[in-house]
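In: mind looking at a prediction? Sequence and model below.
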Amino acid sequence: MSNATPIQGHYDTSSVFVAVIGRPNVGKSSLTNLLVGEKVAIVTSKPQTTRTRITGVITRGPLQYVLLDTPGVLWPKFEDPVVGEHLAFTGAVSQSGQIMAVGGVTRKIEGFFELCSRRGLTGDQGVILPRDNVEHLMLDEKVVNAVREGRFAIYPVTHISEAMELLTGMPAGRRRKDGTFPKDTLFCRVDERLSEFGWLAEHSFKKPRLMPCGRVRPDFA
């Protein structure tokens, strides 16, 4: 990024912005001070000392380098839920989260079963479908036998939370009276991530705040 003013066909000055980014206690502040030639950032052995963005300026001829010493980046202390690819999901979802019946479910189940069969049935594969579709199923005998033998599964559900629990292996969680969800539930993670996105949009590089379920944002140190 540069800001330049042309004077008689030449640039008077150009500014280049350089962000110093890395894990806590790896020498970002020391490097910034060394390059600037004076102490503009605090250097200690204590992690999370730098809480806000610190700016230092280096001038070299017509060039001006603006160094941004940033808070240390921490890896998240928890991982996002992983959606399993061993399950297929068919159905329609209402605004209230109810899973509604759809057409062609028998063909969809048999098609996914054939795909899994070619790749090898593991016993983990299966199909999530609306409970209202169960009475209309007319499955091929080999699919029925695979289900009976535990080599394939069919999961009828009535609400999206049931499907998400099957897909992620996490409890969905029920909203509490204060509007939050229990810790270590899927909806709590979703709530935290949405809150985090909103916070980042307004307060990048500022002090971490408490997330809805009690954890502190782990992104900045």
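Out: In hand now; what should we look at?
In: what about Gln125, how many neighbours?
Out: Per other C-beta atoms under 10 Å, the neighbour tally for Gln125 reads 22. Any C-beta I mention is one placed from the backbone N, CA and C, and that applies to glycine too.
In: now do Leu87
Out: 17.
In: ditto for Lys28
Out: Per other C-beta under 10 Å, the neighbour tally for Lys28 reads 25.
In: which residue packs closest to it, ignoring adjacent ones?
Out: With sequence-adjacent residues excluded and distances taken as C-beta to C-beta, 6 or more residues apart in numbering, Lys28 is closest to Val20, at 4.7 Å.
In: if I look at that neighbour, what pLDDT would I see?
Out: For Val20, the model assigns a pLDDT of 71.
In: got phi/psi on it?
Out: The phi and psi values for Val20, taken as degrees, to the nearest 10, are phi -100, psi 110.
In: bridged to it, which residues?
Out: Val20 has these beta-bridge partners by DSSP bridges: Asp69.
In: how much space is there between it and Gly61?
Out: Distance, Val20 to Gly61, by C-beta to C-beta, to the nearest Å: 22 Å.
In: the more surrounded of those two?
Out: Remark: of Val20 and Gly61, Val20 carries more neighbours, 19 against 7, as counted by other C-beta under 10 Å.
In: which pLDDT value goes with the closest residue to Met100 other than its chain neighbours?
Out: Excluding the flanking residues, the one nearest Met100 by C-beta to C-beta, 6+ apart is Ala92, at 4.3 Å. pLDDT, Ala92: 92.
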